[in-house]
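A.B. asks: How does the following fold in three dimensions:
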Amino acid sequence: MKKLLFLFFLVLALVFSCKSYNSDQIIDNSLTADLVENDTISISSDETDYEVIIIEPGFNGWLLGSARPRGFHSQNWLETRNALLVQAWNQRNLQPTVYDPNLYQLRIDYDTRTDYGYEVNYLLYNYFLYFQLKYKQQLTTFIPRI
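C.D. replies: Numbers count the residues shown, from 1 in each chain. Now for the predicted structure:
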C-alpha cells in the first residue's frame, strides 16, 4: 500500500510540475531582435565597394559549425561555382509562378568580371549550400553537400 501511495504522489508531482506554455508567452520581441541581429552577417571591405548582407536565421551557426573552413576552396573555384549558382538563382527569381517567390525574393547582382575577394565569395557560396540543404532545393546539377 505504501508503494502504491508513493507512486500516486510521484505521478501527481510529475503532472503538476509540467507547465503548458501559451505561444504568446514564448514570443519576446527583444529575444527576436537578438536572434535577427545574431543571424545577420554583413561583409564589407574598405578596399572594395562591395557588401554582402545575409539575414537568415540559423546561417551563422551553420557557417561556424558545418561549413568547410576558409581556405579549403580556392577563390577561383568559389567564383566559378558562385557564377553558376547565381545564374540559377536569378532564373528562379524571374519565374515566381514556377518557383516559390518567398524563397527567391531578391535578384543577386554578381558580375563574373569583378573581383569581390575571397571572403565575399566564401560567404556567398556557403549561403547557397545552406539554402539548398535547409529548403531542399537544388540550384544546379551539383548536389549540395558539405
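
A.B. asks: I figured residue 123 was touching residue 54, is that so?
C.D. replies: Yes: using C-beta atoms under 8 Å, residue 123 is in contact with residue 54, at 6.7 Å. (C-beta placed from N, C-alpha, C; glycine too.)

A.B. asks: Compare the two (neighbour count), which wins?
C.D. replies: The neighbour comparison of residue 123 against residue 54 (other C-beta atoms under 10 Å) goes to residue 123, with 21 against 18.

A.B. asks: in the helix or strand hosting that one, what counts as buried?
C.D. replies: Here residue 123 sits within helix 118-135, counting by DSSP states H and E. The neighbour-count check on helix 118-135 (16 or more other C-beta atoms under 10 Å) flags 119-132 as buried.

A.B. asks: Please enumerate residues in contact with it?
C.D. replies: 41, 43, 45, 48, 50, 52, 54, 56, 58-59, 62-63, 67-68, 70, 73, 75, 78-79, 81-82, 85-86, 89, 103, 110, 116, 137-139, 144-146 (C-beta atoms under 8 Å, 6 or more residues apart in numbering).

A.B. asks: Of those residues, keep whichever come out buried.
C.D. replies: Listed as buried from the contacts of helix 118-135 are 41, 43, 50, 52, 54, 56, 59, 62-63, 67, 73, 75, 78-79, 81-82, 85-86, 89, 110, 116, 137, 139, 144; burial here means 16+ other C-beta under 10 Å.
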